[in-house]
Each structure stands twice: as structure tokens, then as C-alpha cells.
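# pasted the sequence and its predicted model underneath.
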Amino acid sequence: MAEKNKRDIGKEGEDIAAKYLTEKGFEIVERNFYYSNHGEIDIVANHNNQLVFIEVKSRLNLEYGEPEYAITPKKIKQIKKIAELYLFDKEIEEVDCRFDVVAVLLEDKSNPKITHYENAFM
């Protein structure tokens, strides 16, 4: 079987995260919102009257540490910028927003480990 590439692992993790969030009562508004050359936000959702920008990090194992440790200050800055562009692009004003992180560890395919950090950063 061919080794999975990062894009496949990321997509699998995002699918698992979206299902998990939906089961927790999140309404998925958009997935993979891409803003020209600035990057993308994995999941945008509504939850408890807030617009939630969700970064999903996935790993097959812990060889390089927990998935959430891949979220650097530079990545946080990028996510915030894309969130601003999302609000601008969709002409959304006066909405409470927050940033969540969902870490997905795919070591056990039948039972992935999901860790959800609400309000992960400001």
C-alpha cells in the first residue's frame, strides 16, 4: 500500500474533525476557505451564536509530537488574517468569533484520537 501523503492525511483528519464537530452541535458553514495566496481556513462553523474558525492538525503517529504543536505563532497570525479576509469577503459584520483547534491522531484507524481546543488563541 502506498504511503499516504500530507494532503491525504490532512483531508482524512478534516473529515473526521467535521463529523466530530457536527455531532457536537456545530453547523459547518464552509470547509477549506481559501483566500488567494494567503492560505486557508480548514473549517468555518457556527456554534452557540459564534462564528468559529477551526484549524485541523492531523498526524499518523507521534514521531514528530502531538499534532497541535504544529500550530506556530506564524500559523496563528496567518489564520487570524484569513479570518479577517473571510469576514470581509462574506461582508459579515458584528459577529462574535473565536478560534478553535482540532487535533486528530490517526494511529488507530478505527478509533482516531480527537482533541478539541475551544478558544485556542485570541
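Looks like it arrived, so ask away.

# where does the chain have low pLDDT?
Applying pLDDT under 70 to the chain picks out residues 1-3.

# show me where it has helices.
Remark: helices assigned in the chain by DSSP state H are 6-23, 73-89.

# D100: which of these is closest?
Closest approach to D100 among these (Cβ to Cβ): helix 6-23, 8.5 Å. The C-beta positions use only the backbone N, C-alpha and C, and glycine is treated the same way.

# now the closest one - C-alpha only, PDB.
C-alpha atoms of helix 6-23 as PDB (Å, rounded to 0.1, in the frame of the first residue of the first chain):
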ATOM      1  CA  LYS A   6       0.400  15.000   3.800                       C
ATOM      2  CA  ARG A   7      -2.600  16.200   1.800                       C
ATOM      3  CA  ASP A   8      -4.400  12.800   2.200                       C
ATOM      4  CA  ILE A   9      -3.700  12.800   5.900                       C
ATOM      5  CA  GLY A  10      -4.900  16.300   6.200                       C
ATOM      6  CA  LYS A  11      -8.100  15.600   4.300                       C
ATOM      7  CA  GLU A  12      -8.800  12.500   6.400                       C
ATOM      8  CA  GLY A  13      -8.200  14.500   9.600                       C
ATOM      9  CA  GLU A  14     -10.500  17.300   8.400                       C
ATOM     10  CA  ASP A  15     -13.300  14.800   7.500                       C
ATOM     11  CA  ILE A  16     -13.000  13.200  11.000                       C
ATOM     12  CA  ALA A  17     -13.000  16.700  12.600                       C
ATOM     13  CA  ALA A  18     -16.000  17.900  10.600                       C
ATOM     14  CA  LYS A  19     -18.000  14.800  11.600                       C
ATOM     15  CA  TYR A  20     -16.900  15.200  15.300                       C
ATOM     16  CA  LEU A  21     -17.900  18.900  15.300                       C
ATOM     17  CA  THR A  22     -21.300  18.200  13.700                       C
ATOM     18  CA  GLU A  23     -22.000  15.600  16.400                       C
END
